[in-house]
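In: Below are the sequence and a predicted model for it; my questions follow.
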Amino acid sequence: MARACPDGLQAGFGLGGDYRNAICLIKSDFGYQPDGLKLMVTGTGFHIANRRQSSFVATAAHNIYNHDLKRFARRIDCWFARNGGVASASREAQEVFVGEAYTAAAVPEVAHDFGLLRVSGLGTDRFPGIQMRESRAPTIFDARLIGYPDEDACYGRFAPYHADVLFGSQGNDGFDYPAGQASYRGMSGGPLTGRDSVSGPVLAYGLHIRGPNDSEVRAVRFSPRVTSFYRRWLDP
């Protein structure tokens, strides 16, 4: 039986219009482990750009590369705007991007836990994506975390949930949530969205990487350093 949803998570995307089409459920197949069991990782991503007949999805690096196995996922599937058995589109990742500072580290640092997937083009009519906001010290309106809790949580499978976010502090490349911030495994890679003004467009200020019981920094902030990686990956 599915477990009850963690306190503070609310059902749905928390976004209207085509913005919800940007959010995707990610399932990564890392192949077989030494114990003979296959490792499948569920996470979240979000569409940020279209380039050269391709679309690009931001997510956490650990959804792409597994440090214990020292390997990239053998297959990554994305279901956009998936809610139960219904999705607006599905794509398999054709190319992945993760910084060497993450893959080469003996112990991966939270500040490098971000990556990018290239998938076949989604089209700009229904899939405009969510623009990344390079942030230094932002004032964020309607800030929220969006993602797909692990499939055995929140009363059902593959359903989106969101939570309002208060940022306790921010470092050079990270956001620290205050104690008690609602999240759940599987939401890693999901966007931290908000607006620069009350009536402004929805923007992505960072991506979620760690839950309440993990290390101090729990989200990658789209700092100038982080966004420079994305610019190089998008426009080599």
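Out: Arrived safely.
In: from here on, contacts and neighbour counts on C-alpha atoms
Out: Noted.
In: Can you list the strands that whatever helix or strand I48 lives in pairs with?
Out: In this assignment (DSSP states H and E), I48 forms part of strand 38-51. Note on strand 38-51: by DSSP bridges, its sheet partners are strand 23-32 (antiparallel), strand 54-59 (antiparallel).
In: Average the pLDDT values over the very next helix or strand once past the last one and round to the nearest integer.
Out: Moving toward the C-terminus from strand 54-59, the first helix or strand encountered (DSSP H and E) is strand 65-66. Averaged across strand 65-66, pLDDT comes to 96.
In: Strand partners (parallel or antiparallel) of strand 65-66?
Out: Strand 65-66 pairs in its sheet with strand 71-72 (antiparallel), by DSSP bridges.
In: what sits up against the strand it pairs with?
Out: F30, I64, Y65, N66 (Cα atoms under 8 Å, 6 or more residues apart in numbering).
In: Now for the last one: which residues touch it?
Out: By that I understand N66. N66 touches F30, F72, A73, counting by Cα under 8 Å, 6+ apart.
In: wait, what's in contact with the first one?
Out: Neighbouring residues of F30 by Cα under 8 Å, 6+ apart: K38, L39, M40, V41, N66, R71, F72, A73, R74, R75.
In: residues of the longest helix along the chain that come out buried?
Out: Using DSSP state H to define each element, the chain has its longest helix at helix 224-234. Residues of helix 224-234 classed as buried: V226, T227, F229, Y230, W233, L234 (neighbour count, 16 or more other Cα atoms under 10 Å).
In: so how far is F97 from the second one?
Out: When you say that, I think you mean T227. As judged by Cα to Cα, to the nearest Å, T227 and F97 stand 13 Å apart.
In: re earlier: will you turn the strands paired with strand 38-51 into a markdown table that also has distance to L116?
Out: Shown next, in a markdown table, are these (distance: least, Cα to Cα, whole Å):
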| stretch | distance to L116 |
| --- | --- |
| strand 23-32 | 12 |
| strand 54-59 | 5 |
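In: Indicate which one of the ones you listed is closest to A143.
Out: strand 23-32 (15.5 Å; Cα to Cα).
In: Tell me which residues of that closest one come out buried.
Out: Result for strand 23-32 [16+ other Cα under 10 Å]: buried residues I23, C24, L25, I26, K27, S28, D29, F30, G31.
In: With stretch 32-41 instead?
Out: M40, V41.
In: Could I get the average pLDDT for that stretch?
Out: Stretch 32-41 comes out at a mean pLDDT of 94.
In: okay, how far is it across that stretch, tip to tip?
Out: Terminal-residue distance, stretch 32-41 (Cα to Cα): 12 Å.
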